[in-house]
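Novice: Fold the following.
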Amino acid sequence: MEEKFNGGDTMLENFRKVDLTIGVSYMSITTNGVSFSKAAVVKMGAPSYVLLLINDDEKKIAIQECSKETEGANRFVRNENNLSVRWNNRELINDIEELMCWDLSQGGFRILGSYYRAENVMIFDLNTAEAIKTQKSK
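Specialist: Alright, predicted model coming up:
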């Protein structure tokens with residue numbers, strides 16, 4: 001979670017701390033589910049609930065923090081000690097697979113996310129998906 005630097009009345013009072021250790025924000029889509037990297041979860045502030053939004057025309061997925069009471073709210077972070085998030089919703093997986101004309105039985109995809117702080121939303125452009133390389137057993 002992002003916090004302002006407490007520099008008091010110094011030249012640093014309007015600066016924010018940046019955590020370079022969290023890594024790259026991405027989502028992965030496989031036959032097993034849709035998962036989000038720890039970096040994506042941390043960058044968004046580890047929200048308990050998010051809205052899941054899909055733009056069929058542009059082939060983009062957005063997740064935005066919301067309250068439990070928001071219509072359409074989806075559980076996101078269940079335990080702050082475990083920032084792993086995976087949705088195993090078969091309907092969601094099938095919808096994405098159909099939208100993109102993918103065959104997930106042949107392998108999954110990873111999509112980098114773009115974070116927009118002002119709206120606490122992360123957008124994933126499915127058009128930029130990269131195939132996840134699987135380890136071949138010898």
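Novice: quick one: low-confidence ranges for the protein?
Specialist: Residues of the chain meeting the criterion pLDDT under 70: 1-9, 19-21, 134-138.
Novice: Beyond the lengthiest helix in the chain, next helix or strand please.
Specialist: Looking across the chain with DSSP state H, the single longest helix is helix 90-100. Following helix 90-100 in sequence order, the next helix or strand is strand 109-116 (DSSP states H and E).
Novice: how about the CA coordinates for the longest helix of the chain, as PDB?
Specialist: What follows is helix 90-100, C-alpha atoms only, in PDB (Å, rounded to 0.1, in the frame of the first residue of the first chain):
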ATOM      1  CA  ARG A  90     -15.600 -21.600 -15.000                       C
ATOM      2  CA  GLU A  91     -18.000 -19.100 -16.600                       C
ATOM      3  CA  LEU A  92     -15.400 -16.400 -16.400                       C
ATOM      4  CA  ILE A  93     -12.700 -18.600 -17.900                       C
ATOM      5  CA  ASN A  94     -15.000 -19.700 -20.700                       C
ATOM      6  CA  ASP A  95     -16.100 -16.100 -21.400                       C
ATOM      7  CA  ILE A  96     -12.500 -14.900 -21.700                       C
ATOM      8  CA  GLU A  97     -11.500 -18.000 -23.800                       C
ATOM      9  CA  GLU A  98     -14.500 -17.300 -26.200                       C
ATOM     10  CA  LEU A  99     -13.800 -13.600 -26.400                       C
ATOM     11  CA  MET A 100     -10.200 -14.100 -27.300                       C
END
